[in-house]
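Trainee: Please find the sequence and the predicted model below.
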Amino acid sequence: MAGKLLLRWLIGIGFIFLIVLFLPWQQNIRGTGKVTALSPGNRPQTIETVIAGRIQNWKVQEGQFVNKRDTIAIISEVKEKYFDPQMLSRLREVIVAKENSLQSKDLKARALKRQIKALREGMRTKMNQAKAKLEAEHVRFDNAKNQFDRNKTLFDAGNIPLTKYQDIEYKYQAAEADYINAEIEIDRVEAEYLDKINKAESDLNNTLAEQFDTEADIAKLRNELVNMEIRSQQYFILAPQSGFVVKATQAGIGETIKEGEPVCTIMPQSDDLAVEMHVKAMDVPLISKGRIVRIEFDGFPALQFSGWPSISVGSFGGIVEVIDYVNSKPGEFRILVIPDKEDDSWPKQIRNGSGIHGWVMLDSVSVWYEIWRQLNGFPPSLYEEPFEENPYTDNKSESTTLSK
């Protein structure tokens, strides 16, 4: 009797096992990861110093909430060049002095330009006067020459006395001398004024060169002033966005820090939660954007039946939002999962960095096929995959259909 009863039990269990083998099993891809934020701007952010300095005062404590632009710490100067507390006012005074010097050079340049203009006008007037005098002397010389030629003929013929001839000859020579002097006067006037004009133009060019040098000096000083004003603002380390101060990497008052050295870490306040999950490279082709994911958060009790998600307890729904095109670890790719709005809301208690276990849900197969696949180490089967946008071509293309 006992043997028959055992046989019946074994036959019943075998029959039930045979039935179970033909039950549907939803294939899935397992992965682990952590809680993060979908937007990079909402992930933990390290605040670094722009300039080297010495920590003078902390304005926050770890775990404290800060608003955007709140002061986290104040640092003091460590470079000798910037020790002078009056450096900004002194730079402004130097700039004002340079600007006054530039204004004086500008006035001098304008005066020289007016002087050159006046010299050219004076030269033109003097040249016109000299040319008019030359014309008059030329006419007087021509008249004296004609008179001398006629009287010379008469003197040679003995018609006029020597004294009269000599008087006419003297007037002729005087007129010739005056004509020559008038020609020389034109050259003298021109040379005199050209010398004055050249000297004034030389002074003008020197003044303009000094003016350009002063303008360059002012530009450098203004640049230095702006840099100093910006540097003075860097003494206050401000929060780039609202969030919680979670870790201070520098501690003591008076501690010296270098440029670009981290001071603390801020966790932005945001509801932009996501799950960063890592899956095997062999499973990535089976995952597409929009796939359903079941997530189990560390610290929250759950009973997960990966093949029968409908009877699972304590897991939460998610949707695949991002699939990396480059592996994040050897043999693994990263996917980002966002909350499924049609499922239960994710717990408010979860924090950035919390661990998770996830299952990307695929299609249903028989239990016997899943056991056979697991024993042989084959990847899950995918009968049909939804359309996915290719970010490199911006075209919609249908994914390759795989079948077993």
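Mentor: Yep, that arrived. Residues are numbered from 1 along each chain as shown.
Trainee: Please count neighbours and contacts with C-alpha atoms only from this point.
Mentor: Fine.
Trainee: Extract the CA atoms of the helix or strand hosting Glu296 and return them as CSV.
Mentor: In the assignment (DSSP states H and E), Glu296 maps to strand 292-297. Provided in CSV are the C-alpha atoms of strand 292-297 (Å, rounded to 0.1, in the frame of the first residue of the first chain):
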residue,chain,number,x,y,z
ILE,A,292,8.9,47.5,-19.1
VAL,A,293,11.3,47.0,-16.2
ARG,A,294,10.6,45.6,-12.7
ILE,A,295,12.8,47.2,-10.0
GLU,A,296,13.6,46.1,-6.5
PHE,A,297,15.1,48.8,-4.3
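Trainee: From the contact counts, what lies against that strand?
Mentor: On a contact count with 3 or more CA pairs under 8 Å, 6 or more residues apart in numbering; DSSP states H and E, strand 292-297 meets strand 316-323, strand 355-366.
Trainee: For it, which strands pair with it and how are they oriented?
Mentor: Take DSSP bridges as the rule and strand 292-297 pairs in its sheet with strand 316-323 (antiparallel), strand 355-366 (antiparallel).
Trainee: can I get those strands in CSV with distance to Thr249?
Mentor: Listed next are these as CSV, based on distance: least, CA to CA, whole Å:
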stretch, distance to Thr249
strand 316-323, 32
strand 355-366, 24
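Trainee: need the least confident one among those strands, by mean pLDDT.
Mentor: The minimum mean pLDDT among the strands paired with strand 292-297 belongs to strand 355-366 (a mean of 79).
Trainee: Show me where this structure has its helices.
Mentor: Secondary structure of the chain, counting by DSSP state H: helices at 2-21, 87-156, 162-233, 367-376.
Trainee: Is it possible to get a markdown table of those that adds distance to Gly355 and mean pLDDT?
Mentor: As requested, the helices of the chain are exported to a markdown table (distance: least, CA to CA, whole Å; pLDDT from 0 to 100):
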| stretch | distance to Gly355 | mean pLDDT |
| --- | --- | --- |
| helix 2-21 | 33 | 72 |
| helix 87-156 | 52 | 91 |
| helix 162-233 | 40 | 91 |
| helix 367-376 | 26 | 64 |
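Trainee: Relative to Val337, which of these is closest?
Mentor: helix 367-376 (25.1 Å; CA to CA).
Trainee: can you tell me the average pLDDT over the longest strand anywhere in the chain?
Mentor: Ranked by number of residues, the top strand in the chain under DSSP state E is strand 24-37. Per-residue pLDDT values over strand 24-37 give a mean of 83.
Trainee: what does stretch 295-302 give?
Mentor: 86.
Trainee: Next: stretch 276-288.
Mentor: 88.
Trainee: Buried by neighbour count: which residues of it qualify?
Mentor: With burial defined by 16 or more other CA atoms under 10 Å, the residues of stretch 276-288 counted as buried are 276-280, 283-284, 286-288.
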